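1. Give the three-dimensional model of this entry:
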Amino acid sequence: MSYSNYYVQMAEAKNRAETKREWHADICEYYNVTPELALQLGTRSDGRKPSLPGSKTCEPVSDMTMEDIWALKPRETVSDIHDFYRDQGAWSAFRQTVRHLELAEMRKNVMSQLVSNGMHFVEYGCGIAPFTTTLLENMDPSWDVDVSLTDVDKCEHYLYGQWVLDRLKDRRSLERVNINAVPAVPDSLPKYHKKIDALVIFEVQEHLPSPVAALKNIMDQMNPKALIVENFVKHVHDHDEEDDPGCDLASAAEERDEYYRLLDEHFTLVAGTPEYEAPNATRIWVKKV
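-> Numbering: from 1, shown residues only. Below you'll find the predicted structure:
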């Protein structure tokens, strides 16, 4: 089945798992769009310039590709790069919602290996927080769980994701779940309120100015035997040398080898294929004692 047919069937509520809510319920309510338009706005295609709606937390964005948005201003400093994620408005809220339709079972499998009562879970570069959403949809309501969410401060997908989680908490009466926003801001690295037991950083490192600095900061705040789930995408797009690679930062690619050297030194790979065999695979590591 092609992805396009897959998405159509999801939009028509065919061949889906039994759930209490349709995949589009929250995003359609938040942005006042139909399921069909939500699907259209979130489906990737080359050169597309969607007319993205505004919301109570962002302005509409229309008639621009992602490359156009990146080119609105120089993206030389961390502040400039952070502005890119705010400048895109609702783009990633829709894109990630549709993208993660096909990853639902993967997220369930991953979170089933991470979840435990009393844990502190961090979703780093969380976007709309799909892994935390999966956690809250499936966890025992009696559990005490701390969740920390990190993404660019005041970007739309981050704000939308927190709204979705607050609604989910209310629907499932998850009174013992605490959700903490720990935004990424320039010239600082996130500091969490307690040691980390499990962390997901999925398709994020390629967008970080320094994946090595981020990893070191995370390691210093993790408990022994803490778990990290990571996927550091390599060569998402092919770029000519003279082309600006956009948000797939050159500085991130330059640190890739050192990033995996640090993981090998401080963690043990417990699930997934080693990076040198499958660069874009998702891996689970446990911190060495």
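
2. for the closest residue to P274 other than its chain neighbours, which residues make a bridge with it?
-> In space, P274 comes closest to R283 once its chain neighbours are excluded; the distance is 7.8 Å by C-beta to C-beta, 6 or more residues apart in numbering. Any C-beta I mention is one placed from the backbone N, CA and C, and that applies to glycine too. On the basis of DSSP bridges, R283 is bridged to E230.

3. R283 contacts F232, doesn't it?
-> No: counting by C-beta atoms under 8 Å, R283 stays clear of F232, with 9.0 Å between them.

4. Quickly list what's touching both of the two.
-> Residues touching both R283 and F232 (C-beta atoms under 8 Å, 6 or more residues apart in numbering) are E275.

5. Please identify which of the two sits among more neighbours.
-> F232 (26 against 20; other C-beta atoms under 10 Å).

6. what residues are up against that one?
-> Applying C-beta under 8 Å, 6+ apart, one finds that F232 lies in contact with 205-206, 211, 256, 259-260, 275, 279.

7. Could you write me a PyMOL select line covering just the buried ones among those?
-> A single PyMOL command selects the buried members of the contacts of F232 (16 or more other C-beta atoms under 10 Å):
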select buried, resi 205+206+211+256+259+260+275
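
8. got the contacts of F232 as JSON lines, with secondary structure and distance to L52 columns?
-> Formatted as JSON lines, the contacts of F232 follow (DSSP: H, G, I helix; E, B strand; the rest coil; distance: C-beta to C-beta, whole Å):
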{"residue": "Q205", "secondary structure": "helix", "distance to L52": "26"}
{"residue": "E206", "secondary structure": "helix", "distance to L52": "23"}
{"residue": "P211", "secondary structure": "helix", "distance to L52": "29"}
{"residue": "R256", "secondary structure": "helix", "distance to L52": "32"}
{"residue": "Y259", "secondary structure": "helix", "distance to L52": "33"}
{"residue": "Y260", "secondary structure": "helix", "distance to L52": "36"}
{"residue": "E275", "secondary structure": "coil", "distance to L52": "35"}
{"residue": "P279", "secondary structure": "coil", "distance to L52": "31"}
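
9. where does V110 land in three-state SS?
-> The assignment at V110 comes out as helix when based on DSSP: H, G, I helix; E, B strand; the rest coil.

10. Sweet, I'm off.
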